[in-house]
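> Sequence and predicted model, in that order:
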Amino acid sequence: MNNYQSYKDYKSEGGGKSRPAGKSRPAGKSRPKTKSRAEALVKDRPKKKNKRRLEYEKKLSAEKKIIAAQNKKDLKKIKQFEKKEKSEQRRQAIKSNTKPLLIACFVVFYIGISMGILYNNSKIAQMQYNVNEIKKEIEKEMNYKNELEAERESTFKSETIENYAKYRLNMVYPSKEQTVYIKIS
């Protein structure tokens, strides 16, 4: 007895006419069939086509042409539909992306405006501080001016000048004997 369960097992193991080791037929391919002489003669004869057969083939080829033309039109329609679908998808994608983008733009715009306002307010506060400093300096200078004017007025009073001359410079009024008269002609 042999150890094979089927003829395929026998062939796969190399039984019968075997191929060289490691060489086996690809899956799905079988040994080519040989034609018998009768089959070869029948198949090699030219076939006679009758009128009905020719008409049928013409109709069939015409239908195939029509179907092919319809398929081309259908393909064009399908392509157009796909293009429309893609463009619609792009529009939807743009619409869905615009909300966050608009919100982000609004936030950036708002932050920019806020920063501008804060910057301007700080500039205004700095200028007001400078103005107040200048006002204080002006007030000090006005007080100093008033003091100088008061001092000037006090120095130009006749009593002050007389006291200064008498007590500081030890001056006295001239007597009648010291007075000299000059004639002007």
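Sure thing, it's come through. Residues are numbered from 1 along each chain as shown.

> Could you check how many residues crowd around Gly116?
Look at Gly116: counted by other Cβ atoms under 10 Å, it has 10 neighbours. All C-beta spots, glycine's among them, are computed from the backbone N, C-alpha and C.

> and if you look at the one 4 residues further on?
Neighbour count of Asn120, defined by other Cβ under 10 Å: 10.

> Pull up the per-residue confidence for it.
Here, the pLDDT recorded for Asn120 equals 96.

> cool, the one 3 residues further on as well?
Lys123 carries a pLDDT score of 96 in this model.

> For it, list the residues it contacts.
By Cβ atoms under 8 Å, 6 or more residues apart in numbering, no residues touch Lys123.

> how would you label it: helix, strand or coil?
helix (DSSP: H, G, I helix; E, B strand; the rest coil).

> Residue numbering should commence at 7 henceforth.
OK, 7 is where the count begins now, so the last one is Lys129.

> ok, it to Tyr116 distance?
20 Å (Cβ to Cβ, to the nearest Å).

> Following the chain onward from the strand or helix carrying Gln98, which element is next?
Under the criterion of DSSP states H and E, Gln98 resides in helix 57-162. Next in sequence after helix 57-162, counting helices and strands by DSSP H and E, comes helix 164-169.

> worst-scoring helix or strand of this structure, pLDDT-wise?
Of all helical and strand segments in the chain, the minimum by mean pLDDT, DSSP states H and E falls on helix 43-50, at a mean of 56.

> Listing request: residues of the chain with sub-threshold pLDDT.
Low-confidence segments of the chain (pLDDT under 70): 7-55.

> From Glu94, how far off is the spatially most central residue of it?
Nearest to the geometric centre of the chain sits Leu107, at 8.9 Å (Cα atoms, centre = their mean). To Glu94, Leu107 is 20 Å away according to Cβ to Cβ.

> Next, give phi and psi for Met177.
Per-residue torsions, Met177: phi -100, psi 150 (degrees, to the nearest 10).

> I'd like to know how far it sits from Ile188.
Applying Cβ to Cβ, the value for Met177 to Ile188 is 22 Å.

> Many thanks, have a good one.
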